[in-house]
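Student: Structure of the sequence below:
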Amino acid sequence: MSLGFVVLLLFIGLSYLSYDFNQSREFPFLFYLIGSTLITIVLLLILVKMMAGYKFLAAGKDKIEIWLPLKGQRKKYSVTDLLAWQEEEVVANKKVFKQLILVFTDKYSFSISNHEHLGYDDLKRYLGKKASKKKVKS
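Tutor: This next block holds a predicted model:
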């Protein structure tokens with residue numbers, strides 16, 4: 001949310017800089033050139049950072065599929081390929097954040113939290129039904 005706000009501010013700043021260059025040109029050309037270049041680079045770095053965090057998980061029909069679009073990875077696992085899973089709870093700012101950690105047979109681990117994924121509770125129920133024996137007791 002906060003990164004989205006920063007991206008919006010940077011985009012507004014870049015738009016204003018372009019508009020001001022087009023309309024009045026109050027500053028020297030070098031100011032517009034360096035300013036727009038820096039804002040564009042920072043904007044692109046933040047957008048790549050935001051996109052790197054995107055991850056998708058689909059579970060059903062005894063399969064778990066993980067897709068990381070920026071890395072171009074798509075992994076499909078059977079529920080039997082799941083070595084262990086655990087739910088962690090962290091209390092921060094008087095709020096409880098939960099996180100599921102899944103570990104597969106190829107030693108690939110994947111974590112998903114309740115504040116970044118809408119289907120967190122559904123995944124937890126699914127794992128409780130299909131892989132309850134593989135849950136790590138905390």
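
Student: Tell me who's in contact with the residue most central in space within the chain.
Tutor: Nearest to the mean C-alpha position of the chain, counting by C-alpha atoms, centre = their mean, stands Gly53 at 2.5 Å. Residues in contact with Gly53, defined by C-beta atoms under 8 Å, 6 or more residues apart in numbering, are Glu116. (Each C-beta comes from the backbone N, C-alpha and C, glycine too.)

Student: and the nearest residue to Val48 once chain neighbours are set aside, which of the three is it?
Tutor: Among residues not flanking Val48 along the chain, Leu70 sits closest, at 7.6 Å (C-beta to C-beta, 6 or more residues apart in numbering). Using DSSP: H, G, I helix; E, B strand; the rest coil, the structure places Leu70 in coil.

Student: Check what pLDDT Leu118 gets.
Tutor: With respect to pLDDT, Leu118 has a value of 81.

Student: Can you report how many residues neighbour the residue nearest to Val48?
Tutor: Number of residues near Leu70 (other C-beta atoms under 10 Å) recorded here: 12.

Student: what's the average pLDDT for the biggest helix by length in the chain?
Tutor: The longest helix of the chain (DSSP state H) is helix 29-52. Helix 29-52 carries an average pLDDT of 92.
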